[in-house]
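# pasting the sequence and the predicted coordinates here, then a few questions.
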Amino acid sequence: MRNYFCATDFVMQPYKHATQSGITPLCFHFNKPMLVTNVGALAAMVPNNIVGVVTEPDYISIANGIEKLYALGEPHFIPAIEIEKTNDVNFLKFFQKIPHYINLVSSLLSIYFLPAIETKYIWTEK
């Protein structure tokens, strides 16, 4: 899989319907900017013009997004991807937007991170 990610300039995720994608964390891992469509929770994981481009799920918007990715270039996105993938707070903010994950994430936090993070602060922040 590493060879596929390393051989590409960008990763396109032109979903029409989705809740989330396992591809997005792989893009962060391999420092690959991505294009995602504004469906489900995909856009919440990809700050627009920072770690990738978010478009509407129609062919004109996707084509414009691809052009934008190439115009900005891969080096534009890499520093932000490095920061974003190591920023636990942003990762947790993503999960707080999905109600059925709150109990799961709260449980994981209590097991692994409770001494370091106040869950009350995370879940009440707006």
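Right, received. Where do you want to start?

# now do the same contact list for residue 69.
9, 10, 33, 35, 52, 53 (CB atoms under 8 Å, 6 or more residues apart in numbering). Any C-beta I mention is one placed from the backbone N, CA and C, and that applies to glycine too.

# ok, it to residue 17 distance?
Going from residue 69 to residue 17 by CB to CB, to the nearest Å gives 22 Å.

# how many other residues sit next to the closest residue to residue 45 other than its chain neighbours?
Distance criterion CB to CB, 6 or more residues apart in numbering; nearest residue to residue 45, sequence neighbours excluded, is residue 24 at 5.0 Å. Residue 24 has 21 neighbours, counted by other CB atoms under 10 Å.

# helices or strands next to the helix or strand hosting residue 24 in the packing?
Assigned by DSSP states H and E, residue 24 falls within helix 23-29. Packing contacts for helix 23-29, counted by 3 or more CB pairs under 8 Å, 6 or more residues apart in numbering; DSSP states H and E, involve strand 11-13, strand 34-37, helix 74-86.

# on that earlier part again, could the contacts of residue 69 be laid out in JSON lines, adding neighbour count, distance to residue 43 and pLDDT?
Output for the contacts of residue 69, formatted as JSON lines (neighbours: other CB atoms under 10 Å; distance: CB to CB, whole Å; pLDDT from 0 to 100):
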{"residue": "9", "neighbour count": "10", "distance to residue 43": "21", "pLDDT": "93"}
{"residue": "10", "neighbour count": "18", "distance to residue 43": "16", "pLDDT": "95"}
{"residue": "33", "neighbour count": "24", "distance to residue 43": "15", "pLDDT": "96"}
{"residue": "35", "neighbour count": "20", "distance to residue 43": "11", "pLDDT": "96"}
{"residue": "52", "neighbour count": "32", "distance to residue 43": "10", "pLDDT": "95"}
{"residue": "53", "neighbour count": "24", "distance to residue 43": "10", "pLDDT": "97"}
